[in-house]
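Q: what's the 3D shape of this:
(2 chains)
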Amino acid sequence: DAGVIQSPRHEVTEMGQEVTLRCKPISGHDYLFWYRQTMMRGLELLIYFNNNVPIDDSGMPEDRFSAKMPNASFSTLKIQPSEPRDSAVYFCASSSTASNYGYTFGSGTRLTVV
Amino acid sequence: AQSVAQPEDQVNVAEGNPLTVKCTYSVSGNPYLFWYVQYPNRGLQFLLKYITGDNLVKGSYGFEAEFNKSQTSFHLKKPSALVSDSALYFCAVRDDTDKLIFGTGTRLQVFP
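A: Okay, the predicted model is just below:
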């Protein structure tokens, strides 16, 4: 298995532009998580899905952020419009009940908003 | 509510010496506990977990962790540190909604 795959690895965009981050979880995993990591705030859970259904989006910072999981093998995190304070590394992770909930993380997307 | 605490922002140790990275937890019920490591410009990688059974759990790269119920601790240990162990280490506990609650991380620096 190739693991959790995120794209792009790096994204530089101008303030006000729409940004879409993509994630392909491990096949068979029924949980998918989106995290944001910054020096100031550490690792923050933004939203997570179970069987493609959003369970908890209380970590989404504001309405500019949205996430979807149209099927078991794909999820997106969208920021529209983007702001400089959104600059961070965004991680996707997946897990399964069968694995006793241990997570597998992707390599992350480093977002820079200028 | 479930939580974990990593009291040290940074731990410094000389290569070849034993290392300990501390973690304490607060849960209702039986804890599911995890350690992850993050190398520069990489995602978090699973090291080990405690679900039930032996209090001493062995994991990847020679790391182990000791579950201590009376002290509500799950410290990460390694008998002999390597420079390549230098990284950011996260402790985590599963909460009752099946997601992991991560600590703030401890940066381990191993000096040659």
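Q: Quick check: residues of chain B near chain A?
A: Contact residues, chain B versus chain A (C-beta under 8 Å from any C-beta of the partner chain): B:32, B:34, B:36, B:42-46, B:49, B:51, B:90, B:94, B:97-100, B:102, B:104-105. Just so you know, the C-beta spots here come from the backbone N, C-alpha and C atoms, and that holds for glycine as well.
Q: Going through those residues, which ones are buried?
A: Buried subset of the residues of chain B next to chain A (neighbour count, 16 or more other C-beta atoms under 10 Å in any protein chain shown): B:32, B:34, B:36, B:43-46, B:49, B:90, B:94, B:99-100, B:102, B:105.
Q: my guess is residue B:107 contacts residue B:12, does it?
A: No. In this structure, residue B:107 is not within contact of residue B:12 by C-beta atoms under 8 Å, at 9.2 Å.
Q: who's more crowded, these two?
A: Of the pair residue B:107 and residue B:12, residue B:107 is the one with more neighbours under other C-beta atoms under 10 Å in any protein chain shown, namely 15 against 12.
Q: beta partners of that one?
A: Counting by DSSP bridges, residue B:107 forms beta bridges with residue B:10, residue B:88.
Q: what's the distance between it and residue B:100?
A: 20 Å (C-beta to C-beta, to the nearest Å).
Q: and if you look at residue A:104?
A: Counting by C-beta to C-beta, the gap from residue A:104 to residue B:100 is 12 Å.
Q: what do you get for residue B:73?
A: From residue B:73 to residue B:100 the distance is 18 Å (C-beta to C-beta).
Q: which residues of chain A fall in strands?
A: In chain A, the segments counted as strands under DSSP state E are A:5-7, A:10-13, A:19-24, A:31-38, A:42-50, A:53-56, A:65-71, A:74-79, A:88-95, A:104-105, A:109-113.
Q: Most tightly packed of the ones you listed?
A: strand A:88-95 (a mean of 24; mean count of other C-beta atoms under 10 Å in any protein chain shown).
Q: for residue B:3, what are its contacts?
A: The contact partners of residue B:3, by C-beta atoms under 8 Å, 6 or more residues apart in numbering or on different chains, come to B:25, B:26, B:93, B:101.
Q: Within range of chain B, give me the residues from chain A.
A: So far as C-beta under 8 Å from any C-beta goes, chain A lies against chain B at A:4, A:31, A:33, A:42-43, A:45, A:48, A:50, A:55-56, A:91, A:93, A:97, A:100-108.
Q: Now with 10 Å, please.
A: A:3-4, A:6, A:9, A:30-31, A:33, A:35, A:37, A:41-45, A:48, A:50, A:55-56, A:89, A:91-93, A:95, A:97, A:99-108, A:110 (C-beta under 10 Å from any C-beta of the partner chain).
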